[in-house]
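> Sequence plus predicted model, see below.
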Amino acid sequence: QVQLVESGGGLVQAGGSLRLSCAASGRTISNYAMGWFRQAPGKEREIVAAISWRGDSTYYADSVKGRFTISRDNAKNTVYLQMNSLKPEDTAVYYCAAGPTYSGRSRLYDYWGQGTQVTVSS
């Protein structure tokens, strides 16, 4: 089992930055692909970014490309999401997830955190 805990969310003005962290415990995540997803009120959960287990491949949703950066530190068992130039439409609960397959499909991820709220004011 892998337990995931997100942190770093909060309230920020448009144009600002936040750095989300996802700390894993119970098992090393070095063998897992990791993803960040988000869900806004009344909307379906969507992929934000994903990173392969070695960190040599990354994927970004078009809506965040060029603004967000996913990274991982396997030695610290932690994954990060650096979010710059935030927009009100980025407001959502952000979840990190771990799975055996590098993918943008949420159903391919086995372990999920509880989420952290990101609110971007205009």
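Received it, and whenever you're ready, just let me know what you need.
> residues near the residue nearest to R67 when sequence neighbours are not counted, how many?
Closest residue to R67 apart from its sequence neighbours, by Cβ to Cβ, 6 or more residues apart in numbering: S85 at 4.7 Å. All C-beta spots, glycine's among them, are computed from the backbone N, C-alpha and C. When neighbours are counted by other Cβ atoms under 10 Å, S85 registers 13.
> And the pLDDT for S85?
As predicted, S85 sits at a pLDDT of 98.
> From Y60, how far off is Y111?
Taking Cβ to Cβ, to the nearest Å as the measure, Y111 falls 21 Å from Y60.
> now do S21
According to Cβ to Cβ, S21 and Y60 sit 18 Å apart.
> In this protein, mark out all the strands, start to finish.
3-7, 10-13, 18-25, 33-39, 46-51, 58-60, 68-73, 78-83, 92-99, 111-112, 116-121 (DSSP state E).
> in its sheet, what does the third one sit against?
Okay, so that is strand 18-25. Strand 18-25 has the following strand partners under DSSP bridges: strand 3-7 (antiparallel), strand 78-83 (antiparallel).
> of all the ones you listed, which gets the most neighbours per residue?
The highest mean neighbour count among these, using mean count of other Cβ atoms under 10 Å, belongs to strand 78-83: a mean of 23.
> got a list of contacts for it?
Residues from elsewhere that reach strand 78-83, judged by Cβ atoms under 8 Å, 6 or more residues apart in numbering: 17-24, 29, 34, 36, 48-49, 51, 64, 67-73, 90, 94, 96, 118.
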